[in-house]
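Undergrad: Take a look and give me a structure for this.
(one chain, ligands or ions: 2)
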Amino acid sequence: MTTACLFDDLAAPADIPIDPGAVLLPGFALADAPALLAAIDAVAAAAPFRHMVTPGGFPMSVGTTSCGLLGWITDRRGYRYSGADPDTNRPWPAMPPLLQRLAFDAAARAGFAGFTPDACLINRYAPGAKMALHQDKDERDFTQPIVSVSLGLPATFLWGGDARGDKARRIPLQHGDVFAWGGPARLRFHGIAPLKDGEHPATGACRINLTFRKAG
Ligand code: MD3
Ligand code: FE
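TA: Ligands and ions are numbered 1, 2, ... in the order given. You can find the predicted model right below:
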């Protein structure tokens, strides 16, 4: 019988190429979402979300924590990766195998075989929280891609150009969506528009984003 394939196709929306080197995988993490959220709770129990201070001296509106060998941090001294949580001086929680596997599989599907991230930044957005246009350039090797997973409330992703002033496209990101980019798109400016109010059955009044990187 072939009928089941029809339904499989309906349940698995097509990948959406955004630009050379950038692919949106709608719903790629949907089936794993409950287990991902449980794993995030366990990470946050050991390394709680906090509002880190930018080099300019302002606390971020986004709450952050990390798992993996390296965690992304910011303070008055600048942006960087650290093997220790600055709030506890302990190593970050290990990256749960489910997260590693999901990042590896999503990268492979997007054309980046063999991705083994050593850092997973976990961003938590309450309504009103946002992330201004920026580049991810604190990593050592820009030939490595980045994979991001959206959970909970929907957000508008701002997809800019190679210069800060380039006009940004607005791309909606939903619960379970995965975005992967690298190669020519690796240094694109990007951000998140202020999160709209809402309640999501999986997360309540927030959005959680996982960003996987090979930092070291
Ligand atoms: C496209 N986070 O933590 S992830 C970040 O939803 C960050 O929390 C956002 O940007 C978030 O640095 C967006 C999607 C993303 C991340 C980095 C990119 C898309 C990107 C870098 C280059 C191009
Ligand atoms: Fe970023």
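
Undergrad: Quick one: low-confidence residue ranges for this protein.
TA: 1-11 (pLDDT under 70).

Undergrad: So which bits of it are right by ligand 1?
TA: Contact residues, the chain versus ligand 1 (Cβ under 6 Å from any ligand atom): 121, 123, 131, 136, 146, 148, 179, 181, 185, 188, 190, 192, 209, 211. Yep, even glycine has a C-beta here, placed from its N, CA and C like the rest.

Undergrad: Can you pick out the most distant pair from the residues you listed?
TA: Pairwise distances across those peak at 19.6 Å for 123 and 185 (criterion: Cβ to Cβ).

Undergrad: more neighbours, those two?
TA: Just comparing residue 123 and residue 185: by other Cβ atoms under 10 Å the higher neighbour count belongs to residue 123, 22 against 19.

Undergrad: So in terms of bridging, what pairs with the spatially closest residue to residue 169 that is not a sequence neighbour?
TA: Closest residue to residue 169 apart from its sequence neighbours, by Cβ to Cβ, 6 or more residues apart in numbering: residue 159 at 4.4 Å. Applying DSSP bridges to residue 159 yields these beta-bridge partners: residue 169, residue 190.

Undergrad: how many other residues sit next to residue 159?
TA: Going by other Cβ under 10 Å, the residues that sit close to residue 159 add up to 23.

Undergrad: Show me the strands in the protein, by range?
TA: Ranges of strands in the chain, per DSSP state E, are 16-19, 22-25, 63-68, 71-75, 78-82, 119-125, 131-134, 146-152, 155-159, 169-173, 178-181, 190-192, 207-213.

Undergrad: As JSON lines, those strands with distance to residue 46 would be great.
TA: Shown next, in JSON lines, are these (distance: least, Cβ to Cβ, whole Å):
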{"stretch": "strand 16-19", "distance to residue 46": "34"}
{"stretch": "strand 22-25", "distance to residue 46": "29"}
{"stretch": "strand 63-68", "distance to residue 46": "9"}
{"stretch": "strand 71-75", "distance to residue 46": "12"}
{"stretch": "strand 78-82", "distance to residue 46": "15"}
{"stretch": "strand 119-125", "distance to residue 46": "12"}
{"stretch": "strand 131-134", "distance to residue 46": "24"}
{"stretch": "strand 146-152", "distance to residue 46": "19"}
{"stretch": "strand 155-159", "distance to residue 46": "26"}
{"stretch": "strand 169-173", "distance to residue 46": "27"}
{"stretch": "strand 178-181", "distance to residue 46": "25"}
{"stretch": "strand 190-192", "distance to residue 46": "26"}
{"stretch": "strand 207-213", "distance to residue 46": "16"}
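
Undergrad: Which one, of the ones you listed, ends up nearest to residue 32?
TA: Nearest to residue 32, of all those, is strand 146-152, at 8.8 Å by Cβ to Cβ.

Undergrad: What strands flank that closest one, and is each parallel or antiparallel?
TA: strand 178-181 (antiparallel), strand 207-213 (antiparallel).

Undergrad: what's in contact with it?
TA: With Cβ atoms under 8 Å, 6 or more residues apart in numbering as the test, strand 146-152 has contacts from 29, 33, 36-37, 40, 102-103, 106-107, 110, 115, 117, 136, 173-182, 186, 200, 202-204, 206-213.
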